[in-house]
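Enquirer: Here is my input; please provide its structure:
(chains A and B)
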Number of protein chains: 2
Amino acid sequence: MNTPISKKINIQKVDKSRIDQVDFDKLVFGNVFSDHMFECDFKDGVWQNPTIKAYGPLTISPAAKVFHYGQAVFEGMKAFKDEEDKVWLFRPDQNAKRINKSAARLAIPEFPEDLFFEALTTLVSMDREWVRKGPGNSLYIRPFVFATQAGVGASPSTEYKFMILMSPAQAYYTGDIQVEIAEHYSRSANGGVGAAKAAGNYAAQFFPTNLARERGFQQIIWTDASTHEYLEEAGTMNVFFRVNDTLLTAPISDRILDGVTRKSVIDLAKRDNIAVEERRVLVSEIVEAAKNGSLKEIFGAGTAAVISPISAFSFQNKTYEIEKQEDSFAAKFKKELTDIQRNLSEDPFGWRFEVV
Amino acid sequence: MNTPISKKINIQKVDKSRIDQVDFDKLVFGNVFSDHMFECDFKDGVWQNPTIKAYGPLTISPAAKVFHYGQAVFEGMKAFKDEEDKVWLFRPDQNAKRINKSAARLAIPEFPEDLFFEALTTLVSMDREWVRKGPGNSLYIRPFVFATQAGVGASPSTEYKFMILMSPAQAYYTGDIQVEIAEHYSRSANGGVGAAKAAGNYAAQFFPTNLARERGFQQIIWTDASTHEYLEEAGTMNVFFRVNDTLLTAPISDRILDGVTRKSVIDLAKRDNIAVEERRVLVSEIVEAAKNGSLKEIFGAGTAAVISPISAFSFQNKTYEIEKQEDSFAAKFKKELTDIQRNLSEDPFGWRFEVV
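Expert: Predicted coordinates:
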C-alpha cells in the first residue's frame, strides 16, 4: 500500500488494522469506523497540529461550547472503489467549499481548503482497504468541526476541532419510502441556518420524524415555516417531483441545503434533455398532479442514499400513492450517478477525483 | 460543612478544593468551574450511575451524535448566599420541568425530576463555599444533556449524558445595552425549536450577533421569521417594552422561550398593579412609541443578567434612544427579584428554595 507522506500532517499509523473484525455484509450505516481519523485544532487564531491517528475517543471539557451552544457543522461524502482497485471521490471540491459556508453561518472559522484536501486524500489512501468494491459499497466520509472552548458564556468559541471520520457503508436499501408533508412542524426559518449543514438542524427534526414514523411514514418533506404551502427538502435529502416529464425542485435558499446530489441530478437532467424547473413548488399543485395522474415520481437526492424513490405521500390525512414508472427518472439518475461515481462510465462533468 | 449523603448518587469528593486558586473579584462569566460536577448516563433505556465527582474532562467518541446532529439541551439557574450563609435557589422546579420540555422536543429522554433535585441540591451543598455573599455574586448552575451514542446515522441517539456544572459569577454589569431589531436574520421558525433551550438555537445567533456588534449593538431583538413585523426575544433574554405605564411582552409560543425571569417579572408587575400585556408586539408600534415619547423603557429578562436595561434600539438604520426613567421599572424589578433571590425580602410567591 502506497501511503502518501505528508509534509504537514503528523501521521500516527496504527500497528494493526481492525478490518478483520468487521463483517462487511452486515454493516449498519454509520456505526463502524475505519482504522484512522484526522483531527486538527483551532487555537490562538490558527489551525494547528493536523494529525492522522487511530480512530478512538476524545478527551474534551464538559464545558466545551459544542455541548451548550451547538456550534458544529459537518459534511457527508463517499469514496468508491472500481474494479481495478482505484479509489474515487465524488465532487470533493463541493464539500470542501460547503463546510466553510456552513462554518461561516455558525461563526466558526473556515478550514483551509488545501489542508481539507490533503487530510482527506491522505486518510482515504491510508484506509483504502476499507473501501469495498461492488454495487452499493462505499466508504462514507464525515468531515466535521465543533467548538471546544471550555466556557458557558453564550458567545462564539475561540477554539475548535476539525475532524474526519470514515465509516464503511453498504447500499442504503430502504426500499421505496413513504413520506409525510409537514403541516405543523418545520425545519428552518427565513434568515435561519437551514442552508447550513449545522448539527442543530438535524436534532430539530428527530421528534417530528418520530411522530411521522408512528403514523407509518419514514420521512417528512418539510414545507416553508411561514405558510406550509411550499415544498422544501426532506432534511437529509433534497426532493424532486416529476410532473409529466418535467422535474420540479425547490430553489436553493437560506432554508434549503445546496445538495451535491441535487445539483448533479440537475446537471444530468439538463444533459439528458429533461426539463428541470428550480422554483417554489406548491403542495397544492403536487396534490392536484397526484389526483389528475400527472405526478409520475417523487424522489429524494442526497449523499447517503444517492436517490430515494418515494412511493407515497401524505397530506391532510390523505395518502397519495404514486404508480411505479417504467421509464423511472429516479432509477435512471441513480444509475447515471453511481456509474460515474464507480468509474463505470465516462465522466463528462469532471466529477470524479482519484485518490492515489 | 454538612454534606448530605445520597442513597442514590455515587459521590467522589475531591481531596483538595481548587477554590484558593480562584480570584472571585476577576471572574469572567462561565469560565471557572467549581470543584465538583454531576453526571448520569442514559443507556439501555435507563438513566444510570448518577455520580458526583471532580470537575474535569470527559472521554467521548468523536462519533457521538451531539457533535454531528446537535442533540443537546440545557438550563441556566443560580444559587445565592444570604448574609447568614444560607444558600438559596430561585424557582428550581421551573428548570427541572423546562429541561424535560426541551428534551422532549429534541427527542431526548426525560430526566427524572426527583433525581434532578437530588443531584442539584447535593452538588450545590458540597460546593457551597463557591457561592459568595454580596450583591451580584452567585453560583451559576448549568444542567445539560447531550447525545453520546457513537454513530453518524441521522437518527436520535440511544445514549445520553446528563450533567450539572457550576460556575461562580459576579454581577453581570454590561451597562445599558444597545440592540438591533432583526430585519433579515432570524432565530426560530414556527413549528421549530425556538421554545426549547436547544444548543443549536444559540450557535445560530452568533454570526448575526457578530454583524450587529460590528455596527455597535450588543444584542439583537429577534422578530418573527415570516414577516419581521413582530418583536420576539433577544436570544438569551425575553424582552419587555414599557409604553407609558404598560408593560408589553411577546406571548410564549413555539418560537419563544418560557423564561423563568420573564414569568417572574409578570407576576411581580401584576402584584405591583402594573398593567402587563402578553401579546404580539409590532415593531411599528414600538417605533411609533419611541417617536411620540410614550416608549419609556425596554429591558431584557433572563437568568444570567436578571434584568438588562436597553438604552437604544436600531431599526431600518435609524437608532432610537430611550431616555432614562426616574421611576424605572427595570430597576424596580431587578431590585425586587434580587431581594427575593438573596433572602433580603419576603417571598410571597414561594420562589426561594433553601439548599441545606
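Enquirer: From now on I want contacts and neighbour counts done on CA atoms only, so please keep to that.
Expert: Noted.
Enquirer: Can you give me the neighbour number for the residue lying closest to residue A:352 once chain neighbours are set aside?
Expert: Excluding the flanking residues, the one nearest residue A:352 by CA to CA, 6 or more residues apart in numbering or on different chains is residue A:90, at 5.0 Å. When neighbours are defined as other CA atoms under 10 Å in any protein chain shown, residue A:90 has 24 of them.
Enquirer: cool, residue A:70 as well?
Expert: So residue A:70, with other CA under 10 Å, has 31 neighbours.
Enquirer: residues contacting it?
Expert: A:146-147, A:199-200, B:70, B:72, B:198-203 (CA atoms under 8 Å, 6 or more residues apart in numbering or on different chains).
Enquirer: any idea how far residue B:203 is from it?
Expert: 5 Å (CA to CA, to the nearest Å).
Enquirer: Repeat that for residue A:113.
Expert: Residue A:113 is 23 Å from residue B:203, by CA to CA.
Enquirer: Which one of these two is surrounded by more residues?
Expert: Taking other CA under 10 Å, residue A:113 and residue B:203 do not tie; residue B:203 has more neighbours (30 against 15).
Enquirer: list the buried ones in whichever strand or helix holds the more buried one?
Expert: In the assignment (DSSP states H and E), residue B:203 maps to helix B:199-214. Judged by neighbour count using 16 or more other CA atoms under 10 Å in any protein chain shown, the buried positions of helix B:199-214 are B:199-210, B:212-213.
Enquirer: where does chain A dip in pLDDT?
Expert: A:1-7, A:172-174 (pLDDT under 70).
Enquirer: got the residue ranges for the helices in it?
Expert: Using DSSP state H, the helices of chain A run over residues A:65-69, A:92-105, A:113-126, A:199-214, A:260-271, A:283-292, A:329-341.
Enquirer: Please identify which of the ones you listed is closest to residue B:32.
Expert: Residue B:32 lies closest, by CA to CA, to one member of the helices of chain A: helix A:65-69, at 13.7 Å.
Enquirer: ok, is the closest one in contact with chain B or not?
Expert: Yes - for helix A:65-69, a contact with chain B is found by CA under 8 Å from any CA of the partner chain, at A:66-69.
Enquirer: Now for residue A:19: which residues touch it?
Expert: A:34-35, A:130.
Enquirer: From these, pick the one nearest chain B.
Expert: Nearest to chain B among the contacts of residue A:19, counting by CA to the nearest CA, is residue A:34 at 11.9 Å.
Enquirer: Could you give the number of residues near the closest one?
Expert: 26.
Enquirer: That one and residue A:87, how far apart?
Expert: Residue A:34 is 15 Å from residue A:87, where distance means CA to CA.
Enquirer: Tell me the spacing between the spatially closest residue to residue A:97 that is not a sequence neighbour and chain B.
Expert: Spatial nearest neighbour of residue A:97, chain neighbours left out: residue A:113 (7.3 Å); criterion: CA to CA, 6+ apart. Counting by CA to the nearest CA, to the nearest Å, the gap from residue A:113 to chain B is 21 Å.
Enquirer: got it, and residue A:161?
Expert: For residue A:161, the distance to chain B (CA to the nearest CA) stands at 10 Å.
Enquirer: gap between the nearest residue to that residue once chain neighbours are set aside and residue A:9?
Expert: For residue A:161, ignoring the flanking residues on the chain, the nearest one in space by CA to CA, 6+ apart is residue A:41 at 4.5 Å. For residue A:41, the distance to residue A:9 equals 12 Å [CA to CA].
Enquirer: same check, this time on residue A:251
Expert: Residue A:251 sits 39 Å away from residue A:9, taking CA to CA as the criterion.
Enquirer: Mind checking which of those two has more residues around it?
Expert: More crowded of residue A:251 and residue A:9, by other CA under 10 Å: residue A:9, with 19 against 16.
Enquirer: shouldn't that one be in contact with residue A:120?
Expert: No - the pair residue A:9 and residue A:120 does not pass the contact test of CA atoms under 8 Å, sitting 11.0 Å apart.
Enquirer: Make sure residue A:182 is actually in contact with residue A:220.
Expert: Yes - counting by CA under 8 Å, residue A:220 is a contact partner of residue A:182 at 6.3 Å.
Enquirer: beta partners for residue A:43?
Expert: residue A:46 (DSSP bridges).
Enquirer: that older thread, any shared contact partners between residue A:41 and residue A:9?
Expert: Overlap of the contact sets of residue A:41 and residue A:9 (by CA under 8 Å, 6+ apart) consists of A:49-50.
Enquirer: Give the residue farthest from the middle of chain A.
Expert: Residue farthest from the centre of chain A, counting by CA atoms, centre = their mean, is residue A:292 at 33.6 Å.
Enquirer: In contact with it, which residues?
Expert: Residues near residue A:292 by CA under 8 Å, 6+ apart: none.
Enquirer: circling back to that earlier point, would you mind listing the outside residues contacting the helix holding residue B:203?
Expert: A:66-71, A:104-107, A:154-156, A:192-193, A:198-201, B:70-74, B:180, B:185-188, B:193-194, B:218-220, B:235.
Enquirer: From these, list just the buried residues.
Expert: Neighbour counting by 16+ other CA under 10 Å classes A:66-71, A:105-107, A:154-156, A:192-193, A:198-201, B:70-74, B:180, B:185-188, B:193-194, B:218-220, B:235 among the contacts of helix B:199-214 as buried.
Enquirer: Which members of those occur in strands, if any?
Expert: Among the buried ones among the contacts of helix B:199-214, DSSP state E puts B:72-74, B:180, B:219-220 in strands.
Enquirer: Contact partners for the residue lying closest to residue A:321 once chain neighbours are set aside?
Expert: With sequence-adjacent residues excluded and distances taken as CA to CA, 6+ apart, residue A:321 is closest to residue A:312, at 4.3 Å. The contact partners of residue A:312, by CA under 8 Å, 6+ apart, come to A:177-179, A:319-322.
Enquirer: which one of those has the most neighbours?
Expert: residue A:179 (25 neighbours).
Enquirer: Pairing-wise in the sheet, spell out the partners of residue A:241.
Expert: Listed by DSSP bridges, the beta-bridge partners for residue A:241 are residue A:248, residue A:298.
Enquirer: What is the burial count for it?
Expert: 23.
Enquirer: Equivalent analysis for residue A:114, please.
Expert: Residue A:114 has 10 nearby residues by other CA under 10 Å.
Enquirer: measure it to residue A:103 for me?
Expert: Counting by CA to CA, the gap from residue A:114 to residue A:103 is 16 Å.
Enquirer: likewise residue A:308?
Expert: Taking CA to CA, one finds residue A:308 at 28 Å from residue A:103.
Enquirer: Also residue A:288?
Expert: Taking CA to CA, one finds residue A:288 at 40 Å from residue A:103.
Enquirer: neighbour count winner among these two?
Expert: The neighbour comparison of residue A:288 against residue A:103 (other CA under 10 Å) goes to residue A:103, with 25 against 13.
Enquirer: can you pull the buried residues of stretch A:76-91?
Expert: Using 16+ other CA under 10 Å as the test for burial, stretch A:76-91 gives A:76-82, A:86-91.
Enquirer: out of those, who's nearest chain B?
Expert: residue A:76 (9.7 Å).
Enquirer: Does residue A:315 touch residue A:184 like I think?
Expert: No - the pair residue A:315 / residue A:184 is not scored as a contact, 11.3 Å apart, by CA under 8 Å.
Enquirer: How is chain A partitioned into domains?
Expert: Listed by automatic domain parsing, the domain ranges of chain A are A:10-171, A:177-341.
Enquirer: Can you add distance to residue B:246 and give the ones you listed back as CSV?
Expert: CSV is the format used below for the domains of chain A (distance: least, CA to CA, whole Å):
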stretch, distance to residue B:246
domain A:10-171, 31
domain A:177-341, 30
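Enquirer: Of those, give the one that comes closest to residue B:242.
Expert: Minimum separation from residue B:242 across the domains of chain A (CA to CA) falls at domain A:10-171, 26.5 Å.
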